[in-house]
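A.B. asks: Build me a model:
(chains A and B)
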Amino acid sequence: MNGIHDMGGMQDMGAIEHEKNEPVFHAAWESRVFAMFLAAGAWRKWNLDAFRHTREVLPPADYLQLSYYEQWFSGLRDLLVRRGLVTAAEMESGKPAPGTAKATPPLTADKIPATLPNRLHAQRDVPVRPRFQPGQQVRARNINPVGHTRLPRYARGKSGTIHRDHGVFVFPDTNAHFLGENPQHVYSVCFTARELWGAQSAEKDCVYVDMWDDYLDPA
Amino acid sequence: MTTTRRDFLTAAAATAGAAMTPDLAHGHEHDHPHEHDHEHQVVPSDPALRVKALESLLVEKGLVDRAALDALVDTYENKIGPRNGARVVARAWADPAYKARLLADANDAMADFGFVSRQGDRMVVVENTPAVHNLIVCTLCSCYPWPVLGLPPVWYKSAPYRSRSVIDPRGVLREFGVELADNVEVRVWDSTAELRYMVLPERPAGTERLSEEQLAALVTRDSMVGVAKVAATSEGQR
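C.D. replies: Got it, this is the predicted structure:
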């Protein structure tokens, strides 16, 4: 969707505010939201693409106003209810529905070290033929889906060069909506800054964007 | 700068009580229109209370284990952070064979330290040289190489950085105090997929006699995102 989250190339968003000696979390509740999201994610009732989409559908004014972990909290609550781990009534009351059996959490502290290296869990070891080869000229498709996509607006319709084939990954545009993993090759695609932004950019500068097969056409 | 950010957070927290009512939290795909009528409902406006309430519910339902939550927080507050990445960088500076492996297959090289697994989430390392400067961003959300840098700082997730890094990387770098010559090629890496990027910064001159451990102490988080260079002394680093 063409949402506020897709902000590459926007201007006048203000100065970058670099905080010295920044803590990992700015409040204890942020750390709890963070941990709850990872621990509840171990139920595998959703995926990272679906989670990202919960933030993208926030109204633009809220997206800009809410802090990062407020966005996470909102998305976590959304997924818990939508994916059936918590009922809307339980979310309202803060109490488990009477008579429901207590579940066994899939993630316990001892399993954390083994879990984290595969947190993203997006690469698939399945034979899929790549549509493109390194060095090939490609053009990013001009698509404007109303659902989730990882094709940024600034790259659509632009031409670039396949820099590298990263292998086969789940396709966010379907995966975010639980419509299947649709695994396909992801490439690093090199776009010259001038192709993207015109003559104002330095001649040699470039932007590398990771793109799925379904985002690309031969140039 | 900190004051401004704090003011923003305070303002955001004040509106969060209203903004984070369940109708918003349920998103647009939820089909219970009656739940959108929350105007007269009393909900705690303090995020801390609301988060605590959710944690109690999830623990009571057996959906999450409280000790696991504590361990996750401890992991990212105390165990996984930029010191991991700094050790990788220092070894690459000290050992050309390791550097070659790191650039060819970052997972394989980082797995030596146990920071990632060889079969796990894919990491990519890009090298800064006198002719090339790399910058990492995620314009669409906040993708960041957690295993080697920990969780991203607020500025990395902020609208100003995400929006401008791709269209004006040299301006962004100037804001961070890095001035690049015109003949340096700037490569911006937008983390749009599940590849996680880290910059291998240039080794500063005058560090030839330093041990790997001493080198690691010089390497900053910002240099591994590409918004800073590494100085030969650790003074004033960030």
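A.B. asks: For stretch B:80-99, list the C-alpha coordinates in PDB.
C.D. replies: Backbone C-alpha positions of stretch B:80-99 (Å, rounded to 0.1, in the frame of the first residue of the first chain) are rendered in PDB as follows:
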ATOM      1  CA  ILE B  80      23.700  -8.900  22.100                       C
ATOM      2  CA  GLY B  81      24.900  -5.400  20.900                       C
ATOM      3  CA  PRO B  82      27.400  -3.500  18.900                       C
ATOM      4  CA  ARG B  83      30.300  -5.200  20.700                       C
ATOM      5  CA  ASN B  84      29.500  -8.300  18.700                       C
ATOM      6  CA  GLY B  85      29.900  -6.400  15.400                       C
ATOM      7  CA  ALA B  86      33.100  -4.700  16.700                       C
ATOM      8  CA  ARG B  87      34.700  -8.100  17.300                       C
ATOM      9  CA  VAL B  88      33.900  -9.100  13.700                       C
ATOM     10  CA  VAL B  89      35.300  -5.900  12.300                       C
ATOM     11  CA  ALA B  90      38.500  -6.100  14.400                       C
ATOM     12  CA  ARG B  91      39.100  -9.700  13.200                       C
ATOM     13  CA  ALA B  92      38.600  -8.700   9.600                       C
ATOM     14  CA  TRP B  93      41.100  -5.900  10.000                       C
ATOM     15  CA  ALA B  94      43.600  -8.200  11.700                       C
ATOM     16  CA  ASP B  95      43.200 -11.200   9.400                       C
ATOM     17  CA  PRO B  96      42.900 -10.800   5.600                       C
ATOM     18  CA  ALA B  97      41.700 -14.400   5.200                       C
ATOM     19  CA  TYR B  98      38.900 -13.800   7.700                       C
ATOM     20  CA  LYS B  99      38.000 -10.600   5.900                       C
END
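A.B. asks: got the contact list for that stretch?
C.D. replies: A:24, A:116, B:102, B:109-110, B:112-113, B:115, B:125, B:127, B:145-150, B:198, B:200-201, B:203, B:207, B:212-213, B:215-217, B:219-221, B:223-224 (CB atoms under 8 Å, 6 or more residues apart in numbering or on different chains). Bear in mind the C-beta positions are built from the backbone N, C-alpha and C, glycine included.
A.B. asks: How about stretch A:192-209?
C.D. replies: Taking CB under 8 Å, 6+ apart as the rule, stretch A:192-209 contacts A:9, A:140, A:152, A:154-155, A:158-160, A:163, A:188-191, B:166-167, B:169-170, B:182-183, B:185-190, B:192.
A.B. asks: still on that earlier bit, which of the contacts of stretch B:80-99 count as buried?
C.D. replies: A:24, A:116, B:102, B:109-110, B:115, B:125, B:145-150, B:198, B:200-201, B:203, B:207, B:215-216, B:219-221, B:223-224 (16 or more other CB atoms under 10 Å in any protein chain shown).
A.B. asks: What separation do you get for B:M123 and chain A?
C.D. replies: 10 Å (CB to the nearest CB, to the nearest Å).
A.B. asks: In the helix or strand harbouring B:A86, which residues are buried?
C.D. replies: Per DSSP states H and E, B:A86 falls inside helix B:82-94. For helix B:82-94, the neighbour count (16+ other CB under 10 Å) marks B:P82, B:N84, B:G85, B:A86, B:R87, B:V88, B:V89, B:A90, B:R91, B:A92, B:W93, B:A94 as buried.
A.B. asks: Now do the helices in chain B.
C.D. replies: B:2-19, B:22-25, B:47-60, B:66-74, B:82-94, B:96-104, B:106-110, B:146-149, B:154-157, B:159-167, B:169-175, B:212-218, B:221-225 (DSSP state H).
A.B. asks: tilt between the fifth one and helix B:96-104?
C.D. replies: Think helix B:82-94. 120 degrees (axes from the mean of the first three to the mean of the last three CA atoms, to 10 degrees).
A.B. asks: mean confidence for helix B:82-94?
C.D. replies: Helix B:82-94 shows a mean pLDDT of 98.
A.B. asks: With the last one instead?
C.D. replies: For helix B:221-225, the per-residue pLDDT values average out at 98.
A.B. asks: try the longest one
C.D. replies: Along helix B:2-19, the predicted local confidence has a mean pLDDT of 41.
A.B. asks: I'd say B:V199 and B:V126 touch.
C.D. replies: Yes. The criterion here is CB atoms under 8 Å, and B:V199 meets it with B:V126 at 5.9 Å.
A.B. asks: For chain A, just list every one of the strands.
C.D. replies: A:137-140, A:159-169, A:184-192, A:206-212, A:216-218 (DSSP state E).
A.B. asks: Summarise which helices and strands the shortest one is packed against.
C.D. replies: Under the contact definition 3 or more CB pairs under 8 Å, 6 or more residues apart in numbering or on different chains; DSSP states H and E, strand A:216-218 sits against strand A:137-140.
A.B. asks: Pull the CA coordinates from the strand it packs on and hand them back as PDB.
C.D. replies: Taking Å, rounded to 0.1, in the frame of the first residue of the first chain, the C-alpha atoms of strand A:137-140 are listed here in PDB:
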ATOM      1  CA  GLN A 137      19.300  -5.100 -16.700                       C
ATOM      2  CA  VAL A 138      15.900  -5.000 -15.100                       C
ATOM      3  CA  ARG A 139      13.000  -2.600 -14.500                       C
ATOM      4  CA  ALA A 140      11.000  -2.500 -11.300                       C
END
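A.B. asks: hmm, back to that, so can I have TSV of the helices of chain B showing distance to A:A202?
C.D. replies: Compiled in TSV, the helices of chain B are given as follows (distance: least, CB to CB, whole Å):
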stretch	distance to A:A202
helix B:2-19	30
helix B:22-25	42
helix B:47-60	43
helix B:66-74	42
helix B:82-94	26
helix B:96-104	24
helix B:106-110	27
helix B:146-149	27
helix B:154-157	23
helix B:159-167	12
helix B:169-175	7
helix B:212-218	29
helix B:221-225	20
